[in-house]
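# Any chance you could fold what I've pasted below:
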Amino acid sequence: MKMVMIVCTVIALCSCSVFAAKSKTTNQPNIILVMTDDQGYGDLACHGHPFIKTPNLDKLYTQSTRFTDFHVSPTCAPTRSALMSGRAPFKNGVTHTILERERMALSAKTIAQVLKSSGYSTGIFGKWHLGDADAYQPGNRGFDEVFIHGSGAIGETFPGTQGAIPGTGYFNPVIKHNNTFVKTCGYCTDVFFQQALTWIKQNKDNPFFAYIPTNAPHLPWIVAEKYKALYKDKCTDNQARYFGMIANIDENMGLLMQKLDRIGICICWLMMHLDGCQSVLSVAKQVRRSDRGVGATVSPVQRGHTGRDRRSWGRR
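Presented below is the predicted three-dimensional model:
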């Protein structure tokens, strides 16, 4: 519980920095929050991985203010509830990732609701995982634009309201877009980033909060062969798939940063990148040389919940 409270404190500090920026400028900063799923602290070149290549995230690393003692919950939904509300997960009623124990209490006020009340447009693109029943969906929790997959992973089904949509998958996923199910075209991470960029362009003249929580590199480890091939001779097949998913995330982060420069976002923006929990591939310690980040998802020890948080300011 102590470590979860640290997460809440960091989120509170983040809120302070955002509103302090508002008081110093005539315009409110745009906010982009990217959170990957099941990516470990050590799964980046800038954190000492011996062979993974993440040039775009490495560049963000050099440009950012970094929280070097930053902690997340060992699993997905608890971390997400703390991030959205600034409260410890148990205070939100979130005690697990399945069996309706991932539902965030309706009494919890989200950062999207707070920002919306301050004139922000709000959008989510990717993984929600805080309740699949209508009342718990992000469209009822402060988000104007909703583009999400269901459950805790694409194609995942558990008793209760967490059920996979027939025909969905990591390629061409079926997405819930503002209460309508749509069949998309492309790889899931690409689809989420592309949709987010489209929405950002549409809202560039107003303050916005774009939340991009990818489901990758959560299992099942599915990615295009060209990304897997980058690592096929360096590790096991599953690890090559996993690292390939991270390579794809890195590529999308690069595109996001490039297009933000081209769009001409007014005044300034705050971009944050963090992970939702630790690497599910505990066997990845076989290919890591650093003592950092070898804990696995659901591990209660420190290396199972040490996360990454980096924030970057841009100004035009």
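# Quick check: F209 is in a helix.
No: looking at F209 with DSSP: H, G, I helix; E, B strand; the rest coil, it is strand, so not inside a helix.
# Please verify my assumption that it contacts V114.
No: in this structure F209 lies outside contact range of V114 using Cβ atoms under 8 Å: 9.5 Å. In short, each C-beta sits where N, CA and C put it, glycine included.
# Between the two, which has more neighbouring residues?
Just comparing F209 and V114: by other Cβ atoms under 10 Å the higher neighbour count belongs to F209, 27 against 18.
# residues contacting that one?
Neighbouring residues of F209 by Cβ atoms under 8 Å, 6 or more residues apart in numbering: 30-31, 33, 111-112, 115, 120-123.
# measure F90 to T168 for me?
Distance, F90 to T168, by Cβ to Cβ, to the nearest Å: 31 Å.
# With Y41 instead?
Applying Cβ to Cβ, the value for Y41 to T168 is 30 Å.
# ok, now P213?
Taken as Cβ to Cβ, the span from P213 to T168 is 17 Å.
# all strands of the protein, in order?
30-36, 65-67, 121-127, 145-149, 174-177, 180-183, 208-213, 268-275, 309-315 (DSSP state E).
# Could you save those strands as a markdown table and add columns showing mean pLDDT?
Shown next, in a markdown table, are the strands of the chain (pLDDT from 0 to 100):
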| stretch | mean pLDDT |
| --- | --- |
| strand 30-36 | 91 |
| strand 65-67 | 80 |
| strand 121-127 | 97 |
| strand 145-149 | 96 |
| strand 174-177 | 95 |
| strand 180-183 | 94 |
| strand 208-213 | 95 |
| strand 268-275 | 58 |
| strand 309-315 | 50 |
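# With distance to P159 added, can I get these in CSV?
Below are the strands of the chain laid out as CSV (distance: least, Cβ to Cβ, whole Å):
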stretch, distance to P159
strand 30-36, 26
strand 65-67, 37
strand 121-127, 20
strand 145-149, 19
strand 174-177, 20
strand 180-183, 21
strand 208-213, 24
strand 268-275, 28
strand 309-315, 34
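# give the contact list for N140.
Taking Cβ under 8 Å, 6+ apart as the test, what N140 contacts is D134.
# 10 Å instead?
Residues near N140 by Cβ atoms under 10 Å, 6 or more residues apart in numbering: 106, 113, 131, 133-134, 146.
# same deal with Q258?
Going by Cβ under 10 Å, 6+ apart, Q258 touches N56.
# Isn't A105 up against A88?
No: with contact defined as Cβ atoms under 10 Å, A105 does not count as touching A88 (11.7 Å).
# shared neighbours of those two, which are they?
Both A105 and A88 are contacted by 81, 94, under the criterion Cβ under 10 Å, 6+ apart.
# The two: which is more packed in?
Using other Cβ under 10 Å, the more surrounded residue of A105 and A88 is A88, with 19 against 15.
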